[in-house]
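S.K.: sequence first, predicted coordinates after that:
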Amino acid sequence: MPTPRKQLVSLVDTPWYHVVSRCVRRSWLCGLDPYNGIDYSHRRDWVVSRIEQLVEAFSIDVAAYAVMSNHTHLVLHVDSDRALGWSWQEVVEQWHKIYKGNFLSQRFIKNETLSQAELNLLKKSAEIWRERLHCISWFMSALNEHIARRANIEDEVTGKYWEARFKSQALLDETAVLSCMAYVDLNPIRASMAETPEISDYTSIKQRIKAAGKGNIPKSLARFQGDEKKGQKDGIPCSLENYIELVDATGRIIRQDKRGAIEASLNPILDRLSIDADTWLHIATTFEDSCGPWVGGNARLAQACDNTGKHWVCATEGNQRLYPP
């Protein structure tokens, strides 16, 4: 029986999550289908555009993404404080960036006068929407349902487009976050769809490198700590420069189909994360399969079990390598 979502997503334990959605029967519904020769690659643009739209509305940041031919990867950061800090009027405005709302909210958006009773009803709706605007399930529903509808209309069919809602992995500390981000950004290279990160289409790493070359910061992506905004304490626990170098070096090794060694200049970040080069290369290519639904040190795993009512969490091979005794 599938694990209840409330036992997989616990914002008390971590705001960071890796989510994966796969096309039904893992068909090539976002790429070149080798069986019928039809190219669906344009749908990958749909996914990226929809992600950018959702980031504008939801209080959820995208740290990394990769849109493959038959599945998508996202590393999400839920910013609950931002959503809780919105006024009810702001919540209504944010909700209408994606949804139609209700009769009262539509009148409010048009600046029509509402009675006090109507305002009270609208405020109640706004509180429901506030919760949804920092909910991963609602974010993924708004993404996947939108793509499925467009694809079915284009194909003139009905039925499922995605295998299931989505798979999620909770990332309990910075080691898990950075390892997972690198895994996601390197997906096209592992699949031999690109040779280097800067030419990996439909990935966050390419978007970051392209923007950095112009001295810009992608508005649709989560920021790194320290070097993008003076005094910034939240965000991705790494510097942008170190992350790009790490992913680029790892990607070149993976593409050459040999284990090789991480460049000496990149050792400091691996040392800070307490990861040796062999473990890093292994995790960067197998994170989804080798790590379970909760990724973190033993203390963080135990705490997550307590908060979600679980009695135990399987110590996966990937988790043991990332966090040796």
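M.R.: Received the coordinates, thanks. Numbers count the residues shown, from 1 in each chain.

S.K.: what's downstream of the one helix or strand Arg300 maps to, the next helix or strand?
M.R.: Arg300 is part of helix 298-308, with elements assigned from DSSP states H and E. The helix or strand immediately downstream of helix 298-308 is helix 317-322, counting by DSSP H and E.

S.K.: how far is that following helix from where the chain is centred?
M.R.: A distance of 21 Å separates the centroid of the chain from that of helix 317-322, by CA atoms, centre = their mean, to the nearest Å.

S.K.: what's the answer for stretch 269-285, then?
M.R.: 21 Å.

S.K.: list the buried residues of the helix holding Arg300.
M.R.: Neighbour-count burial for helix 298-308, counted by 16 or more other CB atoms under 10 Å, picks out Arg300, Leu301, Gln303, Ala304, Cys305, Thr308. C-beta: built from backbone N, CA, C; applies to glycine.

S.K.: and what of stretch 27-46?
M.R.: Under 16+ other CB under 10 Å, the buried positions of stretch 27-46 are Ser27, Trp28, Leu29, Cys30, Gly31, Tyr40, Arg43, Arg44, Trp46.

S.K.: one more: stretch 161-181?
M.R.: For stretch 161-181, the neighbour count (16+ other CB under 10 Å) marks 161-163, 166-181 as buried.

S.K.: taking the residues you listed one by one, which sit in helices?
M.R.: Among these, the members falling in helices (DSSP state H) are Glu174, Thr175, Ala176, Val177, Leu178, Ser179, Cys180, Met181.

S.K.: between these, which sits nearest Asp289?
M.R.: Taking CB to CB as the measure, Asp289 sits nearest to Cys180 out of those, at 12.4 Å.

S.K.: quick one, what contacts the closest one?
M.R.: Counting by CB atoms under 8 Å, 6 or more residues apart in numbering, Cys180 makes contact with His18, Ala64, Val75, Gln169, Leu171, Phe287, Cys291, Val295.

S.K.: quick revisit: CSV for the buried residues of stretch 27-46, including distance to Lys123 and pLDDT?
M.R.: Below are these laid out as CSV (distance: CB to CB, whole Å; pLDDT from 0 to 100):
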residue, distance to Lys123, pLDDT
Ser27, 45, 83
Trp28, 47, 88
Leu29, 41, 84
Cys30, 40, 91
Gly31, 45, 89
Tyr40, 43, 94
Arg43, 39, 96
Arg44, 40, 96
Trp46, 35, 97
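
S.K.: what's the closest of these to Ala191?
M.R.: Nearest to Ala191, judged by CB to CB, of these is Gly31 at 10.1 Å.

S.K.: and the residue nearest to that closest one when sequence neighbours are not counted, how far from Arg321?
M.R.: Here the nearest residue to Gly31 in space, its sequence neighbours aside, is Ser69; by CB to CB, 6 or more residues apart in numbering that works out to 2.6 Å. Noted for Ser69: a distance of 29 Å to Arg321, by CB to CB, to the nearest Å.

S.K.: more neighbours: which of these two?
M.R.: Under the neighbour definition other CB atoms under 10 Å, Ser69 and Arg321 were set side by side, and Ser69 has more, 22 against 18.

S.K.: tell me which element that one falls in.
M.R.: Assigned by DSSP H and E, Ser69 belongs to no helix or strand.

S.K.: which residue ranges form the strands in this structure?
M.R.: Using DSSP state E, the strands of the chain run over residues 16-22, 60-67, 71-78, 167-171, 294-295.

S.K.: need the pLDDT of the residue in the chain sticking out farthest from the centre.
M.R.: Of all residues in the chain, Ser115 has its C-alpha farthest from the mean position, at 40.8 Å, by CA atoms, centre = their mean. We have a pLDDT of 95 for Ser115.

S.K.: for it, phi and psi?
M.R.: The phi/psi pair for Ser115 (degrees, to the nearest 10) reads phi -70, psi 170.

S.K.: quick one, helices of the stretch 101-250 of the chain?
M.R.: 103-109, 116-132, 136-155, 174-185, 187-190, 204-213, 240-255 (DSSP state H, counting those that start in this stretch).

S.K.: Throw those into a markdown table and include distance to Thr316, thanks.
M.R.: What follows is the helices of the stretch 101-250 of the chain, written out as a markdown table (distance: least, CB to CB, whole Å):
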| stretch | distance to Thr316 |
| --- | --- |
| helix 103-109 | 44 |
| helix 116-132 | 31 |
| helix 136-155 | 21 |
| helix 174-185 | 12 |
| helix 187-190 | 19 |
| helix 204-213 | 25 |
| helix 240-255 | 21 |
